[in-house]
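Student: please work out how this folds:
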Amino acid sequence: MVHTKPPTSNFTELIGESDTFLQAKNRAKKFADSHLPVLIHGETGTGKELFAKAIHDESSYKKGPFVHVGCSTLKEDAQAEALFHSANDEPGTLFLDEVWGLSLPLQARLLDSIEKGLNKRLISASSVPLSEKVEKHEFRKDLYFRLNVLDLPLPSLAERQSDIPLLMHHFLKSGDHDIYVDPVVWKALEQYEFQGNVRELKNMADYMKTVSDQKTIQLYDTPPAIREQIEKKKSKDKKTTAKSLTLMEKEEFAYLLETIKQLNEKGEPASRRVLSERSKNGKLVLTPQQVRSRLDYLEKREFVTKGRGRAGTKITLEGLRFLSSLKNHIVQE
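Tutor: Numbers count the residues shown, from 1 in each chain. Reported below is the predicted structural model:
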């Protein structure tokens, strides 16, 4: 579809301090001084339209319209006519979003218009590598080299993870009020794979602002997708943990978890002293100091929780799963 929008963005709104992002931003600033076509490429949600608007706002075309064309939904009818009409009216910028989506007939018409001379600066964007489309004969090679004069690759969020806190604070800011983010949430965000990049991060910030008390973001305020991915990663890590242990380590942890489980069921405290004393009745003998170090390991991985006094040590649901995994590995060995 074709949309004419007033300029609403500039380089100050492109948030980020990582090297890869600053390189792209500095390159875009140089491109703004030129009249040559720009091809912006990067994964979905990396900010291609924001960069295109920023280039327009800083260029000599800024007094004219910024015409956004959604090429992936453009049909060969009145929409196409609107595209070619807008390309030759008043000076401005013609932004061809997801340009890979143009049909071959429309590609031919666009090439013809370019060769006859456009009245607008051309900026194209694609989340699909155009070179691959050219190789598959799905995109004209001659049009590709017309569009790809000034090349602007944008980094994914995975390539600029250090920008996540900066971006999140920017998205969460409500007027002059900053919403506090619990450290546990930052840890969860670090582990999450943002396949939707900055757009997905903003969506999550909007979600958390909506469900929170507007003062603090807690882990339970995060979208279900974050918690689901964390649980999957935990499960995978714990399976890997069981495989990486020696047979003796597996037997020691299995003994401790099984004994803690039995004591918990009886309502008896599972102290280091009790666990050490009980180990003398089997083939594994553990001193109180050895029990302590192994419990530290189990607690760090959330297999047990250690309480003070008579509360003793409790096995967690994850600990029960880990115990089952250990038993299976011991039998196999």
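Student: quick check: domain ranges of this structure?
Tutor: As assigned by automatic domain parsing, the chain contains the domains 2-155, 159-222, 234-332.
Student: highest average neighbour count across these?
Tutor: Among the domains of the chain, domain 2-155 has the highest mean neighbour count (mean count of other C-beta atoms under 10 Å), at a mean of 18. Any C-beta I mention is one placed from the backbone N, CA and C, and that applies to glycine too.
Student: mind listing what the nearest residue to residue 92 once chain neighbours are set aside touches?
Tutor: Nearest in space to residue 92, with sequence neighbours left out and distances taken as C-beta to C-beta, 6 or more residues apart in numbering, is residue 64 at 2.9 Å. Counting by C-beta atoms under 8 Å, 6 or more residues apart in numbering, residue 64 touches 90-93, 120.
Student: ok, those residues vs residue 202, which is closest?
Tutor: Ranked by distance to residue 202 (C-beta to C-beta), these are led by residue 93 at 23.8 Å.
Student: the helix or strand hosting the closest one pairs with which strands, and in what direction?
Tutor: Assigned by DSSP states H and E, residue 93 belongs to strand 92-97. Strands adjacent to strand 92-97 in the sheet, as given by DSSP bridges, are strand 66-70 (parallel), strand 120-126 (parallel).
Student: among those strands, show the one with the smallest mean pLDDT.
Tutor: Within the strands paired with strand 92-97, the stretch with the lowest mean pLDDT is strand 66-70, showing a mean of 91.
Student: how far is that one from where the chain is centred?
Tutor: How far strand 66-70 lies from its chain's middle: 27 Å, per C-alpha atoms, centre = their mean, to the nearest Å.
Student: please, where are all the strands along the stretch 151-300 of the chain?
Tutor: Along the stretch 151-300 of the chain, the segments classed as strands by DSSP state E, counting those that start in this stretch run 180-181, 216-217.
Student: I'd like those as CSV, with mean pLDDT and distance to residue 30 appended.
Tutor: Output for the strands of the stretch 151-300 of the chain, formatted as CSV (pLDDT from 0 to 100; distance: least, C-beta to C-beta, whole Å):
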stretch, mean pLDDT, distance to residue 30
strand 180-181, 90, 35
strand 216-217, 90, 38
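Student: let me have these in TSV, extended by distance to residue 248.
Tutor: What follows is these, written out as TSV (distance: least, C-beta to C-beta, whole Å):
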stretch	distance to residue 248
strand 180-181	42
strand 216-217	43
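Student: tell me which element residue 80 falls in.
Tutor: With secondary structure defined by DSSP H and E, residue 80 is part of helix 78-86.
Student: pLDDT on that helix, on average?
Tutor: Here the average pLDDT along helix 78-86 is 68.
Student: out of the strands paired with strand 92-97, which is closest to residue 167?
Tutor: Closest of the strands paired with strand 92-97 to residue 167 is strand 120-126, at 20.1 Å (criterion: C-beta to C-beta).
Student: what sits up against the closest one?
Tutor: Around strand 120-126, the neighbours that count as contacts under C-beta under 8 Å, 6+ apart are 35, 37-41, 48-49, 52, 55-56, 59, 61, 64, 67, 86-88, 91-100, 114, 147-148.
Student: tell me what the helix or strand just after that strand is packed against?
Tutor: For strand 120-126, the succeeding helix or strand toward the C-terminus, using DSSP H and E, is helix 130-135. If contacts are counted by 3 or more C-beta pairs under 8 Å, 6 or more residues apart in numbering; DSSP states H and E, helix 130-135 sits against helix 141-147.
Student: packing partners for the helix it packs on?
Tutor: For helix 141-147, the elements it packs on are helix 104-116, helix 130-135, judged by 3+ C-beta pairs under 8 Å, 6+ apart.
Student: the ones you listed into a markdown table, with extra columns for mean pLDDT and distance to residue 268?
Tutor: Shown next, in a markdown table, are the helices and strands packed on helix 141-147 (pLDDT from 0 to 100; distance: least, C-beta to C-beta, whole Å):
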| stretch | mean pLDDT | distance to residue 268 |
| --- | --- | --- |
| helix 104-116 | 91 | 77 |
| helix 130-135 | 95 | 65 |
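Student: nearest to residue 171, of these?
Tutor: Ranking the helices and strands packed on helix 141-147 by proximity to residue 171 (C-beta to C-beta) places helix 130-135 first, at 30.5 Å.
Student: which other residues reach that closest one?
Tutor: Identification of contacts with helix 130-135 by C-beta under 8 Å, 6+ apart yields 39, 41, 99-100, 139-141, 144, 147-148.
Student: now with 10 Å, please.
Tutor: The contact list for helix 130-135 (C-beta atoms under 10 Å, 6 or more residues apart in numbering) reads 39, 41, 99-101, 124, 126, 129, 138-145, 147-148.
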